[in-house]
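Pasted the sequence and its predicted model underneath.
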Amino acid sequence: MKAPFRSLLLFCAALTVALPCSAKTADGKPLIVMIAGKPSHGPGQHEHNAGIQLLAKCLKAGASGAELKVHLNAEWPTAEEFAAADTVVIYADGGGGHPALQGDRLAELAAQMKRGLGFVCLHYAVEVPKEKGGPEFREWLGGYFEPNWSVNPHWTANFKELPKHPISNGVKPFSIKDEWYYHMRFRAGMAGVTPVLTDLPPEDTLTGRKDGPHSGNPDVRAAVLERKEPQHVAWAVERPDGGRGFGFTGGHFHQGWANDDQRKLVLNAILWTARAEVPATGVESAVTPEELAANLDPKGKK
């Protein structure tokens, strides 16, 4: 590591939590590090590699002021790359096999979060075990999927209203079917958390499912079936260390990235967590059927 860069990191560590250090590249651009997980599920589902590459393509076209580093098949960035990053995006399977939980990676991430690293998790990547990763993700992301508390049904969500927030710039209300996880384990009192996508799930997302780590539990049934509490399936957080996080529980179906509003919302969020300016009309992008079909993992017939 060169002496000037080492000095910069030491200076950042000395700053108060109210003054996060920007780790922008030498030319002043924010660095976005994107991590795709290994192949998972059937064709068109959990297409982490194709999804990350598609989002990266859209960011390059609509947010040319950012630099991107893409890692496929759960490849983990180097320590030097993490130290230079402004935000990290993970789109991968979660649970005990979450890429961030392997080896000493959780501690590595913790050190970077202290300086204000942004953090984005998409779909299954919002889930980690309660005992390992749960406390950290609740702090860094604002909330996470906690087994035996959260659930993972497939349903059509109708997002009729969006908050006034840079992440929703240019995003219109939309409706889409996905595996929208809900009943997340959020920070106490939703401290620093802004709900971004919210809807009341239909009752059949619970009534046909037995209790289990992902399927149902008394707490979620009371919240949705009895109290009729709308559920947040995407959210943003501003942390005391100055960092920003974004959790998005959709993304099970690769086809969902063809939806202009879903895609724009996530692209906006990535920029926002990197502390980059989000355009007033959002990150503009277009996706052709050919681009959507590119880079899919070899999983057999579609």
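Now that the structure is in, tell me what you want to look at.

low pLDDT regions in this protein?
Applying pLDDT under 70 to the chain picks out residues 1-26, 301-302.

For it, just list every one of the helices.
In the chain, the helices defined using DSSP state H lie at 3-14, 48-62, 79-84, 105-113, 134-140, 204-207, 218-221, 260-273, 289-293.

Tabulate those (a markdown table), appending distance to residue 179.
C-beta here means a position set from N, CA and C on the backbone, and glycine is covered the same way. Shown next, in a markdown table, are these (distance: least, CB to CB, whole Å):
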| stretch | distance to residue 179 |
| --- | --- |
| helix 3-14 | 38 |
| helix 48-62 | 14 |
| helix 79-84 | 29 |
| helix 105-113 | 25 |
| helix 134-140 | 19 |
| helix 204-207 | 10 |
| helix 218-221 | 15 |
| helix 260-273 | 13 |
| helix 289-293 | 18 |
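
Which of these sits closest to residue 163?
Closest approach to residue 163 among the helices of the chain (CB to CB): helix 260-273, 11.3 Å.

and the spatially most central residue of the chain, bridged to which residues?
Taking CA atoms, centre = their mean as the criterion, residue 121 is the residue nearest the geometric centre of the chain, at 2.4 Å. Residue 121 has these beta-bridge partners by DSSP bridges: residue 90, residue 247.

Correct me if wrong: it contacts residue 137.
Yes. Counting by CB atoms under 8 Å, residue 121 does reach residue 137; the two are 7.5 Å apart.

what touches both of those two?
Each of residue 144 lies in contact with both residue 121 and residue 137 under the rule CB atoms under 8 Å, 6 or more residues apart in numbering.

most neighbours per residue, which of the helices of the chain?
Of all these, helix 260-273 carries the top mean neighbour count, a mean of 25, counting by mean count of other CB atoms under 10 Å.

Looking at the helices of the chain, spot the one closest to residue 33.
With CB to CB, the closest approach to residue 33 among these belongs to helix 79-84: 6.2 Å.

Out of the helices of the chain, flag the one nearest residue 29.
helix 79-84 (10.7 Å).

Packing partners of that closest one?
Helices and strands touching helix 79-84, as assessed by 3 or more CB pairs under 8 Å, 6 or more residues apart in numbering; DSSP states H and E, comprise strand 31-36, helix 105-113.

ok, 6 Å please
Helices and strands touching helix 79-84, as assessed by 3 or more CB pairs under 6 Å, 6 or more residues apart in numbering; DSSP states H and E, are absent.

CA atoms only for it, dumped as CSV, please.
Taking Å, rounded to 0.1, in the frame of the first residue of the first chain, the C-alpha atoms of helix 79-84 are listed here in CSV:
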residue,chain,number,x,y,z
ALA,A,79,-8.8,-5.7,1.0
GLU,A,80,-7.4,-2.8,-1.1
GLU,A,81,-10.5,-2.7,-3.2
PHE,A,82,-12.7,-2.7,-0.2
ALA,A,83,-10.7,0.1,1.3
ALA,A,84,-11.2,2.2,-1.8
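
residues near residue 63, how many?
By other CB atoms under 10 Å, the residues close to residue 63 number 24.

give me every residue that touches it.
When contacts are counted by CB atoms under 6 Å, 6 or more residues apart in numbering, residue 63 is found next to 271, 283.

any idea how far it is from residue 284?
According to CB to CB, to the nearest Å, residue 63 and residue 284 sit 9 Å apart.

for residue 198, same thing?
Using CB to CB, we find residue 198 at a distance of 25 Å from residue 284.
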